[in-house]
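Colleague: I would like the atomic coordinates for the input below:
(2 chains)
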Amino acid sequence: MLYAFVLIVMQTVVLLAVAPLIVGLIRKVKARLQCRRGAAVFQPYADLIKLFRKQPVVSSTTSWIFTATPYILFASTLAAGLLVPVFMSTTPLNFAGNIIALVYLLALGTFFLMLAGLDAGSAFGGMGSSREAIVASLTEPAMMLSIFAIALTAGSTNLSTIVHKTALLEGIVTDPSPHLMAFAALVIVAIAETGRVPVDNPATHLELTMIHEAMILEYSGRYLALVEWAAGLKLLVFLTLIANVSAPWGIATSMEPAALGIGLATYLVKVSGLAVLIGFLESMFAKLRLFRVTDLLGTAFVLALLGLVFFYVLRG
Amino acid sequence: MLNLLWILLGGYAIGILLPLCLPRRPKAQIITTTAPAIVTTSAGVVVGLLGLTSSEPATGSLASTIPLLTFAIRLDPLAAFFVLTISLVGLAASIYAIGYIRHFDGRASVPTLGSLFNGFLLSMTLVVLADNGFFFLMVWELMSLLSYFLVVTEHEKAEVRYAGLFYLIMTHVGTAFIVLAFLIFFQAGGSFAFEAFRHPAQTLPEGMKTIAFLMALIGFGTKAGIVPLHVWLPHAHPVAPSHISALMSGVMIKTAIYALIRVYFDFLGGQFPWWWGFVVLVIGAVSALLGVMYALMEHDLKSLLAYHSVENIGIILLGIGAGMMFQTYELKEFAALGLLAGLYHTINHAMFKALLFLGAGSLLYATHTRNMEEYGGLLRRMPWTGACFLIGAVSIAALPPTNGFVSEWLVFQSLFLSFHIPDTFLKLMLPLAAAMLALTGALALACFAKAFGISFLALPRSTHARHAGEVPIPMRIGMALLATVCVALGLGPMVVVPLLDRVVAPFTGVSIEGQVLALDGWALATVNVEFSSLSPPILAMLLTVLSMLGLGIVAAFGGLVRRRYYKTWGCGINLTPRMEYTATGFVQPIKRVFSSIYQPTVKLETEFLQESQYFAKRRRFEFHVEPIFQKYLYDPVLAFVTALAGRLRVIQAGSLHLYLAYIFVTLIVLLLFAV
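Modeller: All right, here's what the predicted structure looks like:
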């Protein structure tokens, strides 16, 4: 019991500590690709500390929803992160929720963020919420089908079981194609869900294009810090999911300190690698017009469906 | 047990008569119309709980002089579950009515309204208790008629009369199909007693069983509001008084779910070909998706909620349909899981939909309008209503750790178990249904972000909203009661699942309590904990602790600096309500993406200044969603019926001699048949 508690705390600390690093890393990669030196990788930490110290300005038209949302968003995203195996294949909170619970926990944060966007009463916030609504709606079916395909190959919807079985090379090696297709669909879903290019651009404040930034436009000070941190966490959760579900090798399958150490090190390498990949992707593609996003997410849906068909056809 | 049942029925009878007999002083009226209902529904909750836990079903009957009819009632776990649901919603609605009924003072007869309210509760209770086909049809008809009278409470409005008539016709068409289904059972069993209905499996030929299945699906489906028979629902539910809407949307449409389970699993013995379950599943998926899509386009808050009832009936049918399919393939545990998921969603939907309708009623009470575009900023003016509505919204959007999430999770799980079905076509179809459910869930989330965000947040959009105040205390208690039940149903699946298991076990023959509840009841599981698990109480605790952590981090890093209030940046000019996003604007991207379903017609007229084409003097914007079902299904049928009636007028010439000849010919023909 105590040991489980220590592991939960460790995982919380790792997630909270790594999230800003990922954001900084992506920014650095993008800057280098644009032939800039860019800010240091650790800049997001400094930004967070600065924001925590600043006096927040709250719109006088808002209700308690506006000030409660950052906490709800932070808690729900972090809770989702605690359901995912990070550096050990079985998380102590595995039983608290499976992959569907993870999806809906993230949706809880999105819901309140959409409300907060509407709360300030400016058109920008409403615009962001409205666009977030359509993007979130369209990602959901693709996400559910890819989850289903992955769950089928691993024979479970529990994240720890999926990762544990994959790490021990059970199930998927015989025919990896359904797994790979579902994986490709999941990458597209992750890009859409975390608001990266080509669906949304986290670096823009142009009303024609922004989605996430429009919703959080009125936030400042500690509230903005929590929202930004949660956004980084959400990205990290998806990267962790992709890394550990598709390539869990190196993850600690036992609870020995040495195995945990190796697990932590490989985890950092894996998510950093994925962050660099995202940096490249963001530099290579232009942002899509909002109504072209449907095509992209439609592709993800078809990929996941094909994964499912392949699974049944190959297994007979 | 039986005595309690009679007390229950007697209590409602007193509730019907008392308001009509006693003095007509307004204060006294409010007490006489609500007090009996409050007491009786409380008793109903007890009866429901006792019925769920008792081992033997309680039965009772009164003979009648009408042949084939006995007033037989039977309280088995399925009936008890629905009595509990009806009574809980009824209790909240009657407490709410103490405050809300004043709204109708002078506009409608308060005693009549109260009497009908009690009668409606009684008829619904009898529908689920009836143990005789004839008696069932009687009380079913009574329920339909009483709800019709309640719908047309404000009959001075043309819109209300139209909705009432539409409802009356639809419900009777549905009843006709139910009568046909029951006649098939009667023919096989030789009696109207449900006991005789129960074993037609041996005597009934396959073809007749299929007809009975379809008739029951159409008949009860009309009442439940499945697509495409849902068209009456968004007309009738919004115009009724709000506490009645809560009862109609929360529990009346659920009596149809009760009847479907009764017919398929009890009468037909749970033996059916695979395509029955598949048909139910497809109807469920389509109803869920189209229900939420049309809800998104509604800006009348109560119509929006009514469309969400169509959606949630769809989700319930997804669970039941999956259960039926598993039953076909002898996967009894999974069949029980599907059915259990459907029933869990039934009680959850009853609670949060009733809560949302009561909330909508409070908004109507405070602002005198149902149009969302005229709300805004109400959370600050009506904090209690706002908080309760938010709980309802979060529940219906199926966000953890609320009750809506728990039951939707169970439905997802039963769809995921489809890989055990030995049929590749179905193996692919059930995940697609899960994907449709995922889309439905996401759209429901968007819809309630709109409903809550536009109604309760930002600046008030009209003078009504600006001057709105909190509603009277009884109304708040009614809403708070349902909100509490919603939270409890979400956090306490370890209490709910064993009770539901008792309902389901007789139909599937297996008890799955031990499988669904894992880790001493702390977690829900399907098949085993390894396959999937969910622990709502732990998730709730986790969310609380992590929010505290957020607060702690804030305090540690920067200290809780006093925040400064300042007006929202409006690009240099002062913010006005007209600069806010509207409900129409909010759903515009969704409308555009799914334009093939909506087929919207947009009309934009612009009047320009004479001096320049660049300055508009006035703009007029109109937008309609094409009512596909009305246009392509109902209008042709109506046209056909009208044309047929026109032809038949030929024989109605107005001559008495001719009519006498008709009678004579009919007699001869009948005599020939008799020989």
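Colleague: Report the contact partners of residue A:240.
Modeller: By CB atoms under 8 Å, 6 or more residues apart in numbering or on different chains, the contact set of residue A:240 is A:81, A:84-86, A:267, A:271. Just so you know, the C-beta spots here come from the backbone N, C-alpha and C atoms, and that holds for glycine as well.
Colleague: Residue B:638: neighbour count?
Modeller: Number of residues near residue B:638 (other CB atoms under 10 Å in any protein chain shown) recorded here: 11.
Colleague: Surely it forms part of a strand?
Modeller: No - using DSSP: H, G, I helix; E, B strand; the rest coil, the assignment for residue B:638 is helix, not a strand.
Colleague: what's the spacing between it and chain A?
Modeller: Distance of residue B:638 to chain A, computed by CB to the nearest CB, to the nearest Å: 35 Å.
Colleague: Would you mind measuring from that residue to residue B:249?
Modeller: Distance of residue B:638 to residue B:249, computed by CB to CB, to the nearest Å: 26 Å.
Colleague: Then residue B:364?
Modeller: In terms of CB to CB, residue B:364 sits 15 Å off from residue B:249.
Colleague: So for these two, which sits in the more crowded spot?
Modeller: Using other CB under 10 Å, the more surrounded residue of residue B:364 and residue B:249 is residue B:249, with 31 against 19.
Colleague: Just to check, the more buried one is in contact with residue B:351?
Modeller: No - counting by CB atoms under 8 Å, residue B:351 is not a contact partner of residue B:249; they are 11.6 Å apart.
Colleague: Quick check: closest non-adjacent residue to whichever residue of chain B sits closest to chain A.
Modeller: Chain A sits closest to residue B:581 of chain B, with a gap of 2.3 Å, by CB to the nearest CB. Among residues not flanking residue B:581 along the chain, residue A:126 sits closest, at 2.3 Å (CB to CB, 6 or more residues apart in numbering or on different chains).
Colleague: In terms of helices and strands, where is residue 16?
Modeller: Answering for chain A, as no chain was given. helix A:2-33 (DSSP states H and E).
Colleague: wait, chain B
Modeller: For residue B:16, the host element (DSSP H and E) is helix B:2-21.
Colleague: model confidence over that helix, on average?
Modeller: Average pLDDT, helix B:2-21: 86.
Colleague: export that helix as PDB, just CAs?
Modeller: Output in PDB follows, covering the C-alpha atoms of helix B:2-21 (Å, rounded to 0.1, in the frame of the first residue of the first chain):
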ATOM      1  CA  LEU B   2     -48.800  -6.300  -1.000                       C
ATOM      2  CA  ASN B   3     -50.300  -4.000   1.500                       C
ATOM      3  CA  LEU B   4     -47.700  -1.400   0.800                       C
ATOM      4  CA  LEU B   5     -48.600  -1.700  -2.900                       C
ATOM      5  CA  TRP B   6     -52.300  -1.000  -2.200                       C
ATOM      6  CA  ILE B   7     -51.300   1.900   0.000                       C
ATOM      7  CA  LEU B   8     -49.200   3.300  -2.900                       C
ATOM      8  CA  LEU B   9     -52.100   3.100  -5.300                       C
ATOM      9  CA  GLY B  10     -54.500   4.400  -2.700                       C
ATOM     10  CA  GLY B  11     -52.200   7.400  -2.100                       C
ATOM     11  CA  TYR B  12     -52.300   8.400  -5.700                       C
ATOM     12  CA  ALA B  13     -56.100   8.000  -5.700                       C
ATOM     13  CA  ILE B  14     -56.300  10.400  -2.800                       C
ATOM     14  CA  GLY B  15     -54.000  12.800  -4.600                       C
ATOM     15  CA  ILE B  16     -56.300  12.700  -7.600                       C
ATOM     16  CA  LEU B  17     -59.500  13.400  -5.600                       C
ATOM     17  CA  LEU B  18     -58.300  15.700  -2.800                       C
ATOM     18  CA  PRO B  19     -57.500  18.800  -5.000                       C
ATOM     19  CA  LEU B  20     -60.900  18.600  -6.700                       C
ATOM     20  CA  CYS B  21     -62.900  18.400  -3.400                       C
END
